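*Asks:* sequence-free structure coming up:
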Ligand SMILES: Nc1ncnc2c1ncn2[C@@H]1O[C@H](COP(=O)(O)OP(=O)(O)OP(=O)(O)O)[C@@H](O)[C@H]1O
Ligand SMILES: [Mg+2]
């Protein structure tokens, strides 16, 4: 799966970590989740993939597909497995998303992958239970993987709590500027030179590498 042994050693994501994946449309973010992250997390941790775009169901080996909050709540009451749950919301309603976050918070011991997080958390507004998940979820052993095309447009809570960054191609300077609060500029500048499907990995312990494209 890895073309680079350094990456295998370095990218060591734990259950309660905060991972952010950024990059322009089509750069490979969702592909990274499907062909690396889910394989890596599989059966190690209970995982929920919140797929607002409903685009991954044919590509991942999930245990159950759930489309509403009460079904998710019931499922948690009756099942405690380390399974992969695919959650596909029927609408982009923010209140439903807030309820989703609340249920996850109460549940604990889980990793949540939120693709297209900018639907719900902008630089101006974040839902209260989403914020709780980000800032207090770690003590409940909740991990978050949050994905967006534009770091500039999303909540500072997401950026400032991240400990692993996966950066695909980004072209706008204000996206880079926003990340410069967390990532040193000499490392960040390398994002401009990334070719197709390559990514820059950086963690807050100061480790970084440019990795080749993921191979299925
Ligand atoms: N490592 C890779 N090797 C080969 N093809 C890839 C790779 N990564 C992505 N692709 C191809 O590029 C297409 C777009 O990738 P992906 O859906 O992951 O983009 P994205 O960053 O999630 O875009 P969006 O922000 O629009 O959701 C995929 O359909 C896939 O075929
Ligand atoms: Mg995507």
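*Replies:* Received, thanks. All values reported here derive from a predicted model rather than from experimental measurement. Ligands and ions are numbered 1, 2, ... in the order given.

*Asks:* so what's residue 127 up against?
*Replies:* By CB atoms under 8 Å, 6 or more residues apart in numbering, the residues touching residue 127 are 94, 97, 98, 101, 120, 121. For the C-beta atoms, the positions are set from N, CA and C on the backbone; glycine is no exception.

*Asks:* which ones are touching the second one?
*Replies:* Read that as residue 97. 89, 119, 120, 127, 130.

*Asks:* which of the contacts of residue 127 has the most neighbours?
*Replies:* Highest neighbour count within those: residue 101, with 26 neighbours (other CB atoms under 10 Å).

*Asks:* what helix or strand is it on?
*Replies:* Element membership of residue 101, judged by DSSP states H and E, is helix 94-107.

*Asks:* buried ones in that helix, by neighbour count?
*Replies:* Residues 97, 98, 99, 100, 101, 102, 103, 104, 105, 107 are the ones in helix 94-107 that count as buried (16 or more other CB atoms under 10 Å).

*Asks:* report the distance from it to the chain centre.
*Replies:* Here the centre of helix 94-107 is set off from its chain's centre by 16 Å, with CA atoms, centre = their mean, to the nearest Å.

*Asks:* alongside ligand 2, which residues does the chain contribute?
*Replies:* Residues of the chain that fall close to ligand 2, judged by CB under 5 Å from the ion: 29, 30.

*Asks:* what residue in the chain comes nearest to ligand 2?
*Replies:* residue 30 (3.2 Å; CB to the ion).

*Asks:* that residue belongs to a helix, doesn't it?
*Replies:* Yes - under DSSP: H, G, I helix; E, B strand; the rest coil, residue 30 sits within a helix.

*Asks:* give me the pLDDT for it.
*Replies:* What the model reports as pLDDT for residue 30 is 97.

*Asks:* that one: what's it in contact with?
*Replies:* Under the criterion of CB under 8 Å, 6+ apart, the neighbours of residue 30 are 55, 56, 115, 147.

*Asks:* among the residues you listed, which ones are in strands?
*Replies:* Counted as lying in strands by DSSP state E, out of those, are residue 147.

*Asks:* filter the contacts of residue 30 down to the buried ones.
*Replies:* 56, 115, 147.

*Asks:* the second one and residue 204: what is the separation?
*Replies:* What it means is residue 115. Per CB to CB, to the nearest Å, residue 115 is found 23 Å from residue 204.

*Asks:* poorly predicted segments of this protein, please.
*Replies:* Scanning the chain with the threshold set as pLDDT under 70 gives 1-4.

*Asks:* quick check, central residue of it?
*Replies:* By CA atoms, centre = their mean, the chain has its centre lying nearest to residue 145, at 2.1 Å.

*Asks:* could you tell me whether that one really is in a strand?
*Replies:* Yes - assigned with three-state DSSP, residue 145 falls within a strand.

*Asks:* among the contacts of residue 97, name the ones in helices.
*Replies:* residue 130 (DSSP state H).

*Asks:* and of the contacts of residue 97, the nearest to ligand 1?
*Replies:* Nearest to ligand 1 among the contacts of residue 97 is residue 119, at 11.8 Å by CB to the nearest ligand atom.

*Asks:* quick one: the strands in the protein?
*Replies:* Along the chain, counting by DSSP E, strands occupy 18-22, 47-50, 64-66, 84-87, 110-114, 142-148, 164-167, 199-203, 208-211.

*Asks:* want to throw those strands into a markdown table with distance to residue 190?
*Replies:* Output for the strands of the chain, formatted as a markdown table (distance: least, CB to CB, whole Å):
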| stretch | distance to residue 190 |
| --- | --- |
| strand 18-22 | 14 |
| strand 47-50 | 29 |
| strand 64-66 | 38 |
| strand 84-87 | 33 |
| strand 110-114 | 26 |
| strand 142-148 | 20 |
| strand 164-167 | 9 |
| strand 199-203 | 6 |
| strand 208-211 | 6 |
